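Chemist: sequence and predicted structure are below.
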Protein chains: 2
Amino acid sequence: MHVTLVYVDIVPDKIDAFIEATRQNHLNSTQEPGNRRFDVLRDCENPNRFLLYEAYASEADAKAHKETGHYFAWRDTVQSMMAAPRRGVRYDGLFPEG
Amino acid sequence: MHVTLVYVDIVPDKIDAFIEATRQNHLNSTQEPGNRRFDVLRDCENPNRFLLYEAYASEADAKAHKETGHYFAWRDTVQSMMAAPRRGVRYDGLFPEG
């Protein structure tokens, strides 16, 4: 799996709107071919912080996500909600294999 | 989902042994009741660094993992392979729901 973790820090009064926009992104992204996970997590210690756990079968599948309408809609909707620029970290998924 | 991310930094000459021990942990953990994910990831930029992405249906399921023989075996096997103490961060899984 090709995995990207996206760390997001949201301004407090935008949290409900961020969760709803990201729920829509989750629902659409999990329908993409090659998507394996699109988990939306909230930090237990810092509830303004969220983590998107995005896993795709191939690098091409991961790149295709960045060209979907729902990705652009999410990106544009949440841009002004962030307390700091979001940060993506890429991982190579060893297990499960394939 | 109750999610824990475990960040691990491994000394270079122990990496193959760490991967094999963690593969065994993955195979056993994904058989546990309540386990949703037990993904083993390797950092693309820092190949000595690994991330275990562990998700369980409930907090009780997550706690039960820490009482399994395969968890104890992994913990004891990899202890001396770490370049620094491992670090766990807990998240509340918002989506997928349930």
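Modeler: Done, it's in.
Chemist: now do stretch A:66-86, average pLDDT.
Modeler: For stretch A:66-86, the mean per-residue pLDDT is 97.
Chemist: mind listing what's buried along that stretch?
Modeler: A:70-71, A:74, A:77-78, A:81 (16 or more other CB atoms under 10 Å in any protein chain shown). Where C-beta positions appear, they are placed from N, C-alpha and C, glycine not excepted.
Chemist: for chain B, state which of those is nearest.
Modeler: Closest approach between these and chain B, by CB to the nearest CB: residue A:74, at 12.7 Å.
Chemist: host element of that closest one?
Modeler: helix A:69-78 (DSSP states H and E).
Chemist: that helix - contacts with which helices or strands?
Modeler: If you count contacts as 3 or more CB pairs under 8 Å, 6 or more residues apart in numbering or on different chains; DSSP states H and E, helix A:69-78 packs onto helix A:15-29.
Chemist: any idea which element the nearest residue in space to residue A:3 that is not next to it in sequence lies in?
Modeler: Excluding the flanking residues, the one nearest residue A:3 by CB to CB, 6 or more residues apart in numbering or on different chains is residue A:91, at 4.2 Å. Residue A:91 is part of strand A:87-95 when elements are defined by DSSP H and E.
Chemist: quick revisit: taking helix A:15-29 as reference, get the angle to the helix holding residue A:74.
Modeler: For helix A:69-78 against helix A:15-29, the angle by axes from the mean of the first three to the mean of the last three CA atoms, to 10 degrees is 170 degrees.
Chemist: ok, what's across the strand from the spatially most central residue of chain A?
Modeler: What sits nearest the mean C-alpha location of chain A, by CA atoms, centre = their mean, is residue A:52, with 3.6 Å. With DSSP bridges as the criterion, residue A:52 is bridged to residue A:6, residue A:40.
Chemist: contacts for the helix holding residue A:74?
Modeler: Helix A:69-78 has contacts (CB atoms under 8 Å, 6 or more residues apart in numbering or on different chains) with A:8, A:10, A:17-18, A:21-22, A:24-25, A:28-29, A:65.
Chemist: could you do stretch A:58-68 as well?
Modeler: For stretch A:58-68, using CB under 8 Å, 6+ apart, the contacting residues are A:2, A:4, A:28-29, A:32-35, A:54, A:56, A:71.
Chemist: now it - C-alpha only, CSV.
Modeler: The C-alpha trace of stretch A:58-68 is given here as CSV (Å, rounded to 0.1, in the frame of the first residue of the first chain):
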residue,chain,number,x,y,z
SER,A,58,-0.6,1.8,-6.0
GLU,A,59,1.1,5.2,-6.4
ALA,A,60,-1.0,5.8,-9.5
ASP,A,61,-4.2,5.3,-7.4
ALA,A,62,-2.9,7.7,-4.8
LYS,A,63,-2.1,10.3,-7.4
ALA,A,64,-5.5,9.9,-9.1
HIS,A,65,-7.1,10.9,-5.8
LYS,A,66,-5.5,14.3,-6.1
GLU,A,67,-7.3,14.8,-9.4
THR,A,68,-10.8,14.1,-8.2
